[in-house]
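S.K.: Can you look at this prediction? I've put the sequence above it.
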Amino acid sequence: MADKPIFWVNGNKLPWQEGLVVSDALKLMNYTFKMLVVKMNGELIKRENWQITFIPENADLKVIHLISGG
Amino acid sequence: MISREEYFSKRDPSAFPIWQKATIGIAGAGGLGSNIAISLARAGIGTLIIADYDIVTAENINRQQYTLAQIGKRKVDAIAENICTFNPFIELVLHPVKVTPANFCDIFEGADLLLEALDEAEQKEMLISCWAKYYPDRHIIIASGIAGYGKNETIHTEHYGLLHIVGDLTSELQAGICPIATRVAVVANLQANLALELLAQHKGI
């Protein structure tokens, strides 16, 4: 039997299914911070595309929390 | 007047010539940016592009590299004044403006890599987004999580391809309380230190 399909968010393994978009992954991880930067397989995903960018199987997502202060 | 040869003596023979040829962009000249600019100028970066629309105020003095006599001056002018007291050979390109998507390329076109030293998270996001759009093959070094004091163990660097993040990635500013000199300077210098490393590895230019 084949392994169940997965994808990764910040090193956490999550179950993958057809039709998942980037914003689903943020909800699954309970990321509620306002300012986030999302990279999928090394590519920056713009905020306006989070709801329309599909997550491929085995994708590696990095979600970075941006905090004010400079 | 000191000669160029005397001033730049005992420098790293392989890295220093690369740094001399390099141009680094610094977005912001506050707590992070003023410390970054001073360290990079001392290290021998050839050209710094510095953008900040703000003026020096009394509440900046607790952590930013300005003097009481500079209160009221534009930060880009004040930092240039201070750098020139110890490095007369650096080229400084000053932009006393707020960085926006509209003026982004006019300001940073010549930069081999960009250091983010802005205040607000929204601005940091804008900068990352513009840099990735216009210069997808160049490195950018962001700061995130600099508030408070102590907690040395939590400050670190994360690498996501050409995007690098320095800070503890968790400490939020508390309302009405400025960042503190020590932690801001640590993060700023980690950003600057990484920039030098990337350049020396020929990853910046």
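M.R.: Structure received.
S.K.: Mind jotting down where the strands sit in chain A?
M.R.: Taking DSSP state E as the criterion, chain A carries its strands at A:6-9, A:12-15, A:36-40, A:43-45, A:60-65.
S.K.: Quick check: the gap between B:Gln201 and B:Ala37.
M.R.: Here B:Gln201 is placed at a distance of 22 Å from B:Ala37 (C-beta to C-beta, to the nearest Å). The C-beta positions use only the backbone N, C-alpha and C, and glycine is treated the same way.
S.K.: Same drill for these two, tell me which one is more crowded.
M.R.: Remark: of B:Gln201 and B:Ala37, B:Ala37 carries more neighbours, 31 against 10, as counted by other C-beta atoms under 10 Å in any protein chain shown.
S.K.: State the pLDDT value of B:Gly204.
M.R.: Here the pLDDT value assigned to B:Gly204 is 53.
S.K.: Dihedrals phi and psi, the residue in chain B that chain A sits nearest to?
M.R.: Among the residues of chain B, B:Ala121 lies closest to chain A, at 3.7 Å counting by C-beta to the nearest C-beta. Main-chain torsions, B:Ala121, degrees, to the nearest 10: phi -60, psi -40.
S.K.: For chain B, which residues are neighbours of chain A?
M.R.: Chain B comes close to chain A at residues B:28, B:30-33, B:116-122, B:124-125, B:128-129, B:132, B:142-147, B:158, B:160-161, B:163, B:165, B:167, B:169-173, B:179, B:184, as judged by C-beta under 8 Å from any C-beta of the partner chain.
S.K.: Just the buried ones from those?
M.R.: B:28, B:30-33, B:116-119, B:121, B:124-125, B:128-129, B:132, B:142-147, B:163, B:165, B:167, B:169, B:171, B:173, B:179, B:184 (16 or more other C-beta atoms under 10 Å in any protein chain shown).
S.K.: any weak-confidence spans in chain B?
M.R.: Applying pLDDT under 70 to chain B picks out residues B:203-205.
S.K.: Do you have the strands of it handy? List them.
M.R.: Under the criterion DSSP E, chain B contains strands at B:23-27, B:47-51, B:91-95, B:113-116, B:140-143, B:156-160, B:163-167.
S.K.: Pipe the ones you listed into TSV and attach distance to B:Leu68 per row.
M.R.: Shown next, in TSV, are the strands of chain B (distance: least, C-beta to C-beta, whole Å):
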stretch	distance to B:Leu68
strand B:23-27	23
strand B:47-51	21
strand B:91-95	22
strand B:113-116	27
strand B:140-143	26
strand B:156-160	34
strand B:163-167	29
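S.K.: list the buried ones in stretch A:16-29?
M.R.: Neighbour counts over stretch A:16-29 (16+ other C-beta under 10 Å) mark A:Trp16, A:Leu20, A:Val22, A:Ser23, A:Asp24, A:Ala25, A:Leu26 as buried.
S.K.: swap in stretch B:17-25?
M.R.: Residues of stretch B:17-25 classed as buried: B:Ile18, B:Trp19, B:Ala22, B:Thr23, B:Ile24, B:Gly25 (neighbour count, 16+ other C-beta under 10 Å).
S.K.: doesn't B:Phe108 make contact with the last one?
M.R.: So that's B:Gly25. Yes - using C-beta atoms under 8 Å, B:Gly25 makes contact with B:Phe108 at a distance of 4.5 Å.
S.K.: Quick one: name the residues of chain A near chain B.
M.R.: Counting by C-beta under 8 Å from any C-beta, chain A sits next to chain B at A:34-35, A:37, A:39, A:42, A:44, A:46-47, A:62, A:64-70.
S.K.: Just the closest of those to B:Asn189, please.
M.R.: Lowest distance from B:Asn189 to the residues of chain A next to chain B (C-beta to C-beta) belongs to A:Gly70, with 14.3 Å.
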